[in-house]
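Colleague: Build the 3D model from these lines:
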Amino acid sequence: MPALRILIVLVLSFLSSMASAKQKSAEFKDGKLTDSSLGYSLQIPKNWRVKTFEEPSLIRAMLIKKNYEVNREVKDLGGDFTIPEIRLFSRPDTISPAGFVEELKRSLLSHKSEDRIINQLELLLTGEYLSAQETEIAGNKCIQTLFRRNYTRELQVDPFDPKYRQYGGLIARNEYDVHEIYVFRSGDNLFVIQAFAEREFYPGNKEEFAKILGSLTFANAGK
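Modeller: Model (predicted):
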């Protein structure tokens, strides 16, 4: 009997650990994203799809726009383009928002960082700091920063087409994405929200970014 009890305990423990491993970072239902572990929720418009992750996860959710614009040259010739996204990261941390922003700026100069969130922002190689301002998000003091991520867009063309003969089959364009990064604390957790789009489509997406982030609320607000 003791051996049977031990076996049952081990099986239950294993099943419990498997269930916890499959727990999601957030739940998306009826247009609302809810992260029960961290106590916040967001209203998501219909033209955005939501991706969540298995716990434990630094990135809590990724919002990807469904109906997005594409550069006309890319449509005609093919080439890289960026789909507008919003990424939400969080972790328990004692660092201040200002301290995190300064660490991010230093990392862009050295092109490396030990910080796992900074590495996942994908700005280390070609990111460039633009500006910062103090604001408020969901009742929390926040630092809102702007960055740009520079890249080269390569367009494949027909070298025998008279319009493109001078390019020898390849056109290279210097382009960049605009990244809004919000850094704030709620309780014992540091939050980093990244919203980005291609520079020519950023003005239109900026309004959607503001609307989505403006819907962020915490369950413990006002307590």
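Colleague: only C-alpha atoms for contact and neighbour calcs from this point on.
Modeller: OK.
Colleague: Show me the residue sitting in the middle of this protein in space.
Modeller: When C-alpha atoms, centre = their mean is applied to the chain, the residue found nearest the centroid is Arg87 (2.0 Å).
Colleague: Would you mind measuring from that residue to Ala197?
Modeller: Distance of Arg87 to Ala197, computed by C-alpha to C-alpha, to the nearest Å: 12 Å.
Colleague: other SSEs contacting the helix or strand hosting the residue nearest to the centre of the chain?
Modeller: Taking DSSP states H and E as the definition, Arg87 sits inside strand 85-92. If you count contacts as 3 or more C-alpha pairs under 8 Å, 6 or more residues apart in numbering; DSSP states H and E, strand 85-92 packs onto strand 59-65, strand 189-198.
Colleague: tilt between whichever helix or strand comes after that strand and strand 189-198?
Modeller: Counting by DSSP H and E, the next helix or strand C-terminal to strand 85-92 is helix 97-110. Going by axes from the mean of the first three to the mean of the last three C-alpha atoms, to 10 degrees, helix 97-110 is angled at 50 degrees with respect to strand 189-198.
Colleague: In terms of secondary structure, what does helix 97-110 contact?
Modeller: Looks like helix 97-110 contacts strand 127-137, strand 140-156, strand 170-186 (3+ C-alpha pairs under 8 Å, 6+ apart).
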